[in-house]
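Undergrad: Can you look at this prediction? I've put the sequence above it.
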Amino acid sequence: MPFGGFDTAMSSDLLTKSLVGTKEAAVLIGAHYEGLALEGYIYNGDTQKAGEGNNIDQFGAQLGYGGESGDVGYNVAVGYINNMADSDGMTTGLGNNTTSLSKYVPGFDVHGDLTFSGVTLRAGYMMAIKSFQAGGTGV
């Protein structure tokens, strides 16, 4: 899913990608115009709310802008996902509790990069919008 900026020149994945990267079959729609990009997606994740069955009820969106100005290249994006608990790292930790969540935990991210003279600086921030609840299936 287009949630989080995980671009890197490292030989291994970032810890945040291992923890919150979400890989699912999804329907993705988007539009691009002069450096501006808007993408939205829906999918049926591995996690489900207790008693609600196996539904396509997980979604997200990302808005980004990128371009060049002289010798400087830049990209910035913000994203939203309605269920961070469905990420690959977290579903592994949930084990058999993936279909008995009491609520979904939405997430927000902002990330970007700046390139000048062959040097690229990347930064990003992601957070859960609501708190994860401690214990059993209280995600």
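TA: Perfect, I can see it now. No experiment lies behind these values; they were computed from the predicted model shown.

Undergrad: pLDDT (mean, whole number) over stretch 128-137?
TA: Mean per-residue pLDDT for stretch 128-137: 64.

Undergrad: do the same with stretch 55-75
TA: Here stretch 55-75 scores 92 as its mean pLDDT.

Undergrad: do you know how far residue 81 is from residue 69?
TA: Here the criterion is CB to CB, to the nearest Å. By it, residue 81 lies 30 Å from residue 69. Where you see a C-beta, it was placed from the backbone N, CA and C, and this is true even at glycine.

Undergrad: what about those two, which has more around it?
TA: residue 81 (30 against 7; other CB atoms under 10 Å).

Undergrad: What's opposite that one in the beta bridge?
TA: Applying DSSP bridges to residue 81 gives these bridge partners: residue 60, residue 107.

Undergrad: right, and it touches residue 107 too?
TA: Yes - applying CB atoms under 8 Å as the test, residue 81 and residue 107 come out as touching, 4.9 Å apart.

Undergrad: shared neighbours, the two?
TA: Overlap of the contact sets of residue 81 and residue 107 (by CB atoms under 8 Å, 6 or more residues apart in numbering) consists of residue 3.

Undergrad: where along the protein do the strands fall?
TA: 26-33, 36-43, 58-69, 72-81, 107-116, 119-128 (DSSP state E).
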